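**Student:** how would this look folded up:
(2 chains)
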Amino acid sequence: MRLIDCLNGSKVKILSIDAGKGAELNLMNLGLNIGDVITVSKRSRLRGPVVIINKDSEIAIGHGLAEKILVEGL
Amino acid sequence: MQFILVGQPNCGKSTIFNHVVGYKAVVANFPGATVKYTKGNIELENQKIDVVDLPGTYSSQTTDEAELVAINYLRNSSNNSVLINVIDASVLSRSLQLTIQLASLQMPMVIALNMMDEAENKGIKIFKERLQEIFQVPVIETIGRKGTGVFELFVKAKEIYEKKQIPKNVKFDDKTEELISKIESVLENSKNDLRWYSRFNALKLIEKDPLLINEYKSIIHPNDFKKIEEIISSAEKDYKKPSELISSSARIEAAYRIFEKTAEVKSHDKIDIRKRIDDLLMHPILGYIFMIAILSIMFFSIFKLGSFVEPIFLDSFDLLNNYLAEQFKDNQVVASILIGIASGIGGGVGIVIPFLIPFFIFLSILEDTGYLARIAFLVDNLMHKIGLHGLSIIPIILGYGCTVPGILATRILKSKRDKFITATLTTLIPCTAKMTVIFGLVGFFISMKAAVLIYLLNIVIVGLTGKFLSKVLPEISPGLILEIPKYHMPSFTTVMNKTWFRLKEFIIVAWPLLVVGSIILELITHFNWVEGINSFIAPFTSGLLGLPAAVGITLLFGIMRKELALILLFAALGTRDVLSVMTLTQVFSFTVFVTFYVPCLATIAALARELNWKNALLISVITAVIAVLLSVGLRVIGITF
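**Tutor:** The predicted structure is shown next:
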């Protein structure tokens, strides 16, 4: 399942980030790693970004990028 | 001695910096880069100490220019420095990533555990003794906003510097450690003059650090370099991921391990009011309504306040001009120059005090509360439609105040192309100077509705221009990755300091050009060159745009200062009753032209500084073309109806 398809409030585990080294490194610098369990906290309409909560911080991820992050529900 | 404050964005580093250095700080440029840092000095125990505030950086494994130069500054800091690593205690695990990297630099260091109050609110208890034990350097709890612990922090930093106490390296998982030591042993056996420690170098080699890789290539013997490359490429196969991500992944795990050892998280039942507010402000529908309301209130009150105060300043400078003309009536040239200087300064004061200061104060509050990041979130999808992403909204909003700080703010964008497009759009935004023209002409002579119409037309044109440029310069935008900071109560000193820094940019870049422009203008009037200039450009002004030839000079001088277009128009037409010599269409089309055409001199200078001269010129041409097309279009519509 893609991150973009997750419902608000759902807890998911990141399986892969298939968006190139740069984007993956950017996410990692914000503390997001493959295998992390995150909570989807906000979604927006009309191809807007998704906000996730990871450990202790909130990160907004653009729609295009969120399409390339594969997750599994817990 | 030098104290270097280093930490992740939003960790409260600058608040600590402002607390000790305050308004005396100066903004400095990194050599050869447009990224800026602030520095200042303090006196501690009778010793003068330089304090440097580096731009916030998430990691020493860099992804943008600001991070790159910040880290480079650290690497090249001589051994007279001590690092003050500021950590946001409420996001400890993420912050520790940078701490781990800084430790590998093996420079004297202290850790400031900042925002302890935030952490407590979140139910996080941190055992600083354990953190101290892991890194072997002092950890001091601070609340930068209140100044708590800041003095102790600086005293400790000085002590650590004198003791040359360096932090202990944090070990990663066994597999990654094995990889690091393999490379370390190649480095240690090879004859080289590498700076820094082998662990740091090994990590940077694994990360293929864009800043250092060439340096390594030239220093390390080719055979050894090849050996290292082989080790790395076999590790990539083993890990099944690019080597750049091997160490970052190991680092996140190590940081989380430390977090678990040093912190306890208690879930608290207290209903967080900030979460409630956030749910409203970022609501998929209500969020936009709140955003529009907040921005409208902001702009409306700035406009109201400004137009109330502005005449007071303009009138006093008018009196000064009359006085100067009277005093120097024997020497008209001197009088012209002095009047030029006075009206240049007066024009600046007339914009700065009534409009810019309130605007920057509002903006700093929006920024410090954390709302600006939420605006970026809300408009992200909209900005994608014009090929940009949410962050581009920040320079554009700034542009409504003054284009110069707007252009300078494009440095928050990572890609060169995003910077170029955003700078072009920011240039098109009506700044406060253009606002006085719009409301003084269209608002006064036609109607307020028509003035608002120009703003709406502007938004449409900005959108279309963005769309066009993103088609011409196709590039897959990396997409938004943005930390949503917690809501904070903005601190008075930080807001004032930020306002002052932005004002300084206006004063340094824009103001001198205002004065020069005004002097030239006075001289041209004095030597009676106006007629000549007007008839020279008449084919353009009357022929193409269908405006009275007399407005030629105003357009030319509008380039120096946008609001001059309005003041000069009355002088050029010889009457304040504009409608007796211009039709409604002409007034409208003149205003639209002034709103869009070539940016003012100060903006061009800012564009050249932030991008380069070629792009500054290109952007000027683009805006001029847009202005001509619009005015001709309006003329055609005017004739048809």
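
**Student:** the nearest residue to B:Val515 once chain neighbours are set aside: which element?
**Tutor:** Spatially, and ignoring its direct neighbours in sequence, B:Val515 is nearest to B:Gly344 (3.3 Å; C-beta to C-beta, 6 or more residues apart in numbering or on different chains). All C-beta spots, glycine's among them, are computed from the backbone N, C-alpha and C. B:Gly344 is part of helix B:332-351 when elements are defined by DSSP states H and E.

**Student:** helix or strand next in line after that helix, which one?
**Tutor:** Sequence order places helix B:357-369 as the next helix or strand after helix B:332-351, per DSSP H and E.

**Student:** quick one, that next one and helix B:332-351 angle?
**Tutor:** Orientation check (axes from the mean of the first three to the mean of the last three C-alpha atoms, to 10 degrees): helix B:357-369 against helix B:332-351 gives 40 degrees.

**Student:** can I get helix B:357-369 in PDB, CA atoms only?
**Tutor:** Extracted in PDB, the C-alpha atoms of helix B:357-369 (Å, rounded to 0.1, in the frame of the first residue of the first chain):
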ATOM      1  CA  ILE B 357       8.200  47.500   9.900                       C
ATOM      2  CA  PRO B 358       4.600  46.300  10.700                       C
ATOM      3  CA  PHE B 359       4.800  43.900   7.800                       C
ATOM      4  CA  PHE B 360       8.100  42.300   9.000                       C
ATOM      5  CA  ILE B 361       6.800  42.200  12.600                       C
ATOM      6  CA  PHE B 362       3.700  40.300  11.500                       C
ATOM      7  CA  LEU B 363       5.700  38.000   9.300                       C
ATOM      8  CA  SER B 364       8.200  37.200  12.100                       C
ATOM      9  CA  ILE B 365       5.300  36.300  14.300                       C
ATOM     10  CA  LEU B 366       3.800  34.100  11.700                       C
ATOM     11  CA  GLU B 367       7.200  32.400  11.200                       C
ATOM     12  CA  ASP B 368       8.000  32.000  14.900                       C
ATOM     13  CA  THR B 369       4.600  30.600  15.900                       C
END
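
**Student:** quick one: average confidence on it?
**Tutor:** Averaging pLDDT along helix B:357-369 gives 84.

**Student:** show me the contacts for the nearest residue to B:Val592 once chain neighbours are set aside.
**Tutor:** Take B:Val592 and drop its neighbours on the chain: the residue closest to it by C-beta to C-beta, 6+ apart is B:Leu630, 5.3 Å away. Contacts for B:Leu630 (C-beta atoms under 8 Å, 6 or more residues apart in numbering or on different chains) come out as B:457, B:461, B:589, B:592-593, B:596.

**Student:** what is the burial count for B:Lys498?
**Tutor:** Counted with other C-beta atoms under 10 Å in any protein chain shown, the neighbours of B:Lys498 add up to 20.

**Student:** how near is it to B:Ser90?
**Tutor:** Distance from B:Lys498 to B:Ser90, counting by C-beta to C-beta, to the nearest Å: 22 Å.

**Student:** show me what the strand or helix carrying B:Tyr216 is packed up against.
**Tutor:** When elements are assigned from DSSP H and E, B:Tyr216 belongs to helix B:213-219. With contacts taken as 3 or more C-beta pairs under 8 Å, 6 or more residues apart in numbering or on different chains; DSSP states H and E, helix B:213-219 sits against helix B:198-206.

**Student:** how does it look with 10 Å?
**Tutor:** Helix B:213-219 is packed against helix B:198-206, helix B:222-239, with contacts defined by 3 or more C-beta pairs under 10 Å, 6 or more residues apart in numbering or on different chains; DSSP states H and E.

**Student:** just how off-centre is that helix within its chain?
**Tutor:** Put simply, helix B:213-219 sits 33 Å off its chain's centre (C-alpha atoms, centre = their mean, to the nearest Å).

**Student:** for B:His221, grab the count of nearby residues.
**Tutor:** 12.

**Student:** look up how far A:Ile34 lies from the nearest residue to it once chain neighbours are set aside.
**Tutor:** Spatially, and ignoring its direct neighbours in sequence, B:His221 is nearest to B:Ser190 (5.3 Å; C-beta to C-beta, 6+ apart). Applying C-beta to C-beta, the value for B:Ser190 to A:Ile34 is 34 Å.

**Student:** ok, now B:Pro358?
**Tutor:** Distance, B:Pro358 to A:Ile34, by C-beta to C-beta: 47 Å.

**Student:** do B:Gly532 as well
**Tutor:** 71 Å.

**Student:** neighbour count for the two, which is higher?
**Tutor:** Each of B:Gly532 and A:Ile34 has its neighbours counted (other C-beta under 10 Å); A:Ile34 has more, 18 against 11.

**Student:** how about the closest residue to the more buried one other than its chain neighbours, phi and psi?
**Tutor:** Take A:Ile34 and drop its neighbours on the chain: the residue closest to it by C-beta to C-beta, 6+ apart is A:Ile14, 5.3 Å away. Taking degrees, to the nearest 10, you get phi -80, psi 130 for the backbone angles of A:Ile14.

**Student:** name the helices or strands packed onto the helix holding B:Gly344?
**Tutor:** Counting contacts by 3+ C-beta pairs under 10 Å, 6+ apart, helix B:332-351 packs against helix B:286-327, helix B:432-437, helix B:511-526, helix B:564-573.

**Student:** tally up the residues packed near the residue nearest to B:Val515, please.
**Tutor:** B:Gly344, neighbours per other C-beta under 10 Å, totals 26.

**Student:** try the one 3 residues further on
**Tutor:** Using other C-beta under 10 Å, B:Gly347 is surrounded by 25 other residues.

**Student:** list the contacts of it.
**Tutor:** Neighbouring residues of B:Gly347 by C-beta atoms under 10 Å, 6 or more residues apart in numbering or on different chains: B:313-314, B:317, B:433, B:511, B:514-515, B:517-518, B:560-564, B:567.

**Student:** for these, which one is nearest chain A?
**Tutor:** Of all the contacts of B:Gly347, B:Ala433 has the smallest distance to chain A: 33.7 Å, by C-beta to the nearest C-beta.

**Student:** pretty sure that closest one contacts B:Cys600?
**Tutor:** Yes: with contacts counted by C-beta atoms under 10 Å, B:Ala433 reaches B:Cys600, the gap being 7.3 Å.

**Student:** find the residues that touch each one of the two.
**Tutor:** Here B:Ala433 and B:Cys600 have B:402-403, B:510, B:514, B:558, B:561-564 as joint contacts, going by C-beta under 10 Å, 6+ apart.

**Student:** which of those residues tops the neighbour count?
**Tutor:** B:Thr403 leads the shared contacts of B:Ala433 and B:Cys600 on contacts (other C-beta under 10 Å) with 31 neighbours.

**Student:** so it sits against B:Ala433, correct?
**Tutor:** Yes: between B:Thr403 and B:Ala433 a contact is recorded at 8.7 Å, counting by C-beta under 10 Å.

**Student:** who touches both of these two?
**Tutor:** Listed as contacting both B:Thr403 and B:Ala433 by C-beta under 10 Å, 6+ apart are B:510, B:562, B:600, B:602.

**Student:** quick check: the first one touching B:Arg609?
**Tutor:** Meaning B:Ala510. No: counting by C-beta under 10 Å, B:Ala510 does not reach B:Arg609; the two are 11.8 Å apart.

**Student:** anything in contact with each of those two?
**Tutor:** Applying C-beta under 10 Å, 6+ apart, one finds that B:Ala510 and B:Arg609 are jointly contacted by B:Val404.

**Student:** re the thing from before, out of the helices and strands packed on helix B:213-219, the one nearest B:Thr583 is which?
**Tutor:** Closest approach to B:Thr583 among the helices and strands packed on helix B:213-219 (C-beta to C-beta): helix B:198-206, 67.9 Å.

**Student:** helices or strands up against that closest one?
**Tutor:** On a contact count with 3+ C-beta pairs under 10 Å, 6+ apart, helix B:198-206 meets helix B:92-103, helix B:174-189, helix B:213-219, helix B:222-239, helix B:243-262.

**Student:** briefly note if the lengthiest helix in chain A comes near chain B.
**Tutor:** Looking across chain A with DSSP state H, the single longest helix is helix A:20-29. Yes: remark: helix A:20-29 sits within contact range of chain B at A:20-29, by C-beta under 10 Å from any C-beta of the partner chain.
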